[in-house]
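>>> Fold the following.
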Amino acid sequence: MSSTATLRSDALVLSSDPIHPANLICEFCRMFYQNGWVTGTGGGISIRDEDKIYLAPSGVQKERMIPENIFVMSFKSQEYIRRPLSLKPSACTPLFMAAYSIRNAGACIHTHSQNAVMCTLLFDEVFEISSIEQIKALPRITRPGNMWYSDKLVIPIIENTEREEELESSLRVAIEKYPSATAVLVRRHGIYVWGETTWKAKIYNEAIDYLLELAIKMKQLGIPTVKDV
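Next comes the predicted model:
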């Protein structure tokens, strides 16, 4: 890559704007690392800005990520318009693209949260919880507004595979089968969460992790996660 091309592609990720997608990805990765949701180099995050898809790379420790590490892809052509030569693209990319193409998401987050992993061991085909105030932070998706306190949150659980990209087909099936879901759990692996904006994806991820942790504690005490009407 010529120096001119390098400068041109770096302009896609270098910005003094704190809410530029490349800056937000680095900030969120540090935040998620501090929360214990991404350890080692696990997990990933992507933000869509019109036709540009910004993607955290594979193999970079999340708390040390910098904007120059970020990949940029054209949503329309699905080809990289910025690709750091020393790094590998995220294996999560096909799954992020599924959320963008099916749900028109603005951002997608993948974590290896222990709460997510534990809940996939405690629930079968779906995670369910109801009558918890935090549910009101989550959207209804199929109708305007957020969920109500008395609503039941349902998140599908798909089986893990040896390679991340092999999850794409089952993730797509789950997204289509559960149109009200804004997340998919992967058994013994983690969770994918998306939202129509970067901030909503962040809020949904935080709210869901809270509910997953609460469900584990409820199970330990023998309290049903779904309240009888």
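>>> domains for the protein, by residue range?
1-90, 91-229 (automatic domain parsing).
>>> Mean pLDDT for those domains - can I get that in a markdown table?
Shown next, in a markdown table, are the domains of the chain (pLDDT from 0 to 100):
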| stretch | mean pLDDT |
| --- | --- |
| domain 1-90 | 91 |
| domain 91-229 | 97 |
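>>> could you dump the ones you listed to a markdown table with mean neighbour count?
Backbone N, C-alpha and C define where each C-beta goes, glycine included. As requested, the domains of the chain are exported to a markdown table (neighbours: other C-beta atoms under 10 Å):
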| stretch | mean neighbour count |
| --- | --- |
| domain 1-90 | 17 |
| domain 91-229 | 18 |
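>>> What residues does residue 99 make contact with?
105, 108, 175, 192, 194 (C-beta atoms under 8 Å, 6 or more residues apart in numbering).
>>> do the same with residue 202
Contacts of residue 202 by C-beta under 8 Å, 6+ apart are 28, 107, 109, 195.
>>> pretty sure the last one is touching residue 207, no?
No - Residue 195 sits out of contact with residue 207 when judged by C-beta atoms under 8 Å, with a separation of 10.6 Å.
>>> Next, the contact list for the residue nearest the centre of the chain, please.
Centroid-nearest residue in the chain: residue 109, 1.7 Å away (criterion: C-alpha atoms, centre = their mean). Counting by C-beta under 8 Å, 6+ apart, residue 109 touches 28, 32, 44, 45, 192, 193, 194, 201, 202, 205.
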